[in-house]
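>>> here is my input, please return the structure:
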Amino acid sequence: MQSTNLKEMKNTILTLLTLIVCSCAANNQYTIRGAFEEDFIKDSTIVRMLDIDGRVIDSTVVDSGIFIFTGHAATSELRYIALDGHKRIIVCEPGQTNILFGKDMVAYISGTELNGRINAIDNYIRSQYLKYITDTKNAQTSLRGARRDSVIAGLKRETRRNISEYYGRQVEEHKDDIVSGYVMLGWSNMLDAGEIDSVLNTIVHLPSKELPPVVKTRNRKYNAARSAVGQPFVDITGVGADGRRTKLAAMMVKGKPTILFFWASWCEKCMNDTAIIKTLTSKYGERSPLAIAIDVYDKKSDFNEATALWGMSWPHLYVHDNTATDAYSVGELPLVVLIDRDGRIAMRTNHTADIEAALDAMAASDTITVAPLVPSLSELSDSTYHDLADSIRDIMPHSIPDMVIRDTLKLPVTEAVKAY
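Predicted coordinates:
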């Protein structure tokens, strides 16, 4: 009964809102009217309109359970309506847009054609997630062990596939309007960087192709691929302890493993993990890794104070902008990136202690090997043999007799090394 009343109330409110005709549509005027299914938002609550980058464009307040935005829009744009800690994206375009918020802050949008389209998209995505949740609960109740885990994994793959295919159809249908951009805000999180570029190339509507959040997601995924395990380390630039701009590559030691410790002075876990870094940089004697602390998201004064307070004596690189965090796709701090002696990324982790096992393995395999520098004796002609002996004589002490040189050439390489 209550559900029926809520539906009737929603329909009544939407009917009342849509009775207001936007007579100024011809001069690009828009009206955005919001209401609530129940009286759960207090009057005088501030409601903000944000652009797609999150900057405030306009603000108003709830009055008698209603809020209203009006203005002019030369073109259709994606904007957020933000209140009470929630954000709802809409198409801001000439005409009247109605938003009805449920108590769970789910928004039902109507009015203009494009907003009706994104409302339909949201309804489909929501139905897929609800189906996944229901089917998962059923599997957890009726199945056990490996069979249950397999079914749940399959449900997840199926849901993801259904949503991705639906997004693809919507982009194709709306490639010449802003709805394609709205779809890409969600779909880009499901695609890899190359796939995002491929889809963007099919979109005709320029603002949709250039939406900053989508471009940022694509770039983040490219950076994540470039800084993944197995890839060469990514060079970055910052300010060293001496106050001079320097590159990471200039601070590293060739042939020595390196711990990149991404941290900030306000990160309590980062500061606690400095003790682990200190231990690891001395545990293996001469084979111990070099640590380079990369300070991000921080004030220079706080950086200086923290390094002194916590005795962080290893090399530092202070990076005041996002170049370091972008290059290494840094999310949560601390992030530790272990670079092997060949300059390749061996490990990435937010748990600093995890790298000890990787360093133990590196130290265990860190043996000196000598590659054969000369062919075996059986492969040498007489003339080549004597020429080789002469060349060795040129770089060896003159006190070593020719016979010793010739005898050494007859030994296996490892024994020859021991002989000297």
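
>>> could you list the domains of this protein?
For the chain, the structural domains run 2-111, 121-226, 237-364, 377-419, going by automatic domain parsing.

>>> so where's the stretch 251-400 of the chain shaky on pLDDT?
366-400 (pLDDT under 70).

>>> tell me where it has helices.
Per DSSP state H, counting those that start in this stretch, the stretch 251-400 of the chain carries helices over the ranges 268-283, 300-309, 323-327, 355-364, 382-395.

>>> now those in TSV, with mean neighbour count and distance to Arg48?
All C-beta spots, glycine's among them, are computed from the backbone N, C-alpha and C. Converted to TSV, the helices of the stretch 251-400 of the chain look like this (neighbours: other Cβ atoms under 10 Å; distance: least, Cβ to Cβ, whole Å):
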stretch	mean neighbour count	distance to Arg48
helix 268-283	16	32
helix 300-309	14	30
helix 323-327	18	27
helix 355-364	15	43
helix 382-395	12	77
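
>>> can you say which of the ones you listed is nearest to Ala153?
Nearest of the helices of the stretch 251-400 of the chain to Ala153, taken as Cβ to Cβ: helix 355-364 at 28.0 Å.

>>> so which elements touch that closest one?
helix 268-283, strand 335-339, strand 345-349 (3 or more Cβ pairs under 8 Å, 6 or more residues apart in numbering; DSSP states H and E).

>>> returning to what we had before: what's the closest of the helices of the stretch 251-400 of the chain to Val215?
When those are compared by Cβ to Cβ, helix 323-327 sits nearest Val215, at 12.2 Å.

>>> so what touches that closest one?
219-220, 223, 226-227, 234, 236-238, 262, 294, 296-297, 317, 319, 330 (Cβ atoms under 8 Å, 6 or more residues apart in numbering).

>>> before we move on, what about stretch 58-70?
The contact list for stretch 58-70 (Cβ under 8 Å, 6+ apart) reads 29-36, 39, 41-49, 71, 81, 83.

>>> drop anything exposed from these.
Among those, those buried by neighbour count (16 or more other Cβ atoms under 10 Å) are 29-36, 41, 47-49, 81, 83.

>>> could I get these as TSV with distance to Leu309, secondary structure and pLDDT?
As requested, the buried ones among the contacts of stretch 58-70 are exported to TSV (distance: Cβ to Cβ, whole Å; DSSP: H, G, I helix; E, B strand; the rest coil; pLDDT from 0 to 100):
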residue	distance to Leu309	secondary structure	pLDDT
Gln29	58	strand	93
Tyr30	54	strand	94
Thr31	56	strand	96
Ile32	51	strand	96
Arg33	54	strand	96
Gly34	49	strand	96
Ala35	53	strand	95
Phe36	50	strand	93
Ile41	46	coil	91
Val47	44	strand	97
Arg48	39	strand	97
Met49	44	strand	97
Ile81	44	strand	96
Leu83	41	strand	93
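
>>> and the pLDDT at Arg218?
pLDDT for Arg218: 94.

>>> and it, how far from Met184?
Plainly put, Arg218 is 10 Å away from Met184 if you go by Cβ to Cβ, to the nearest Å.

>>> joint contacts of those two?
In contact with both Arg218 and Met184: 196, 200, using Cβ under 8 Å, 6+ apart.
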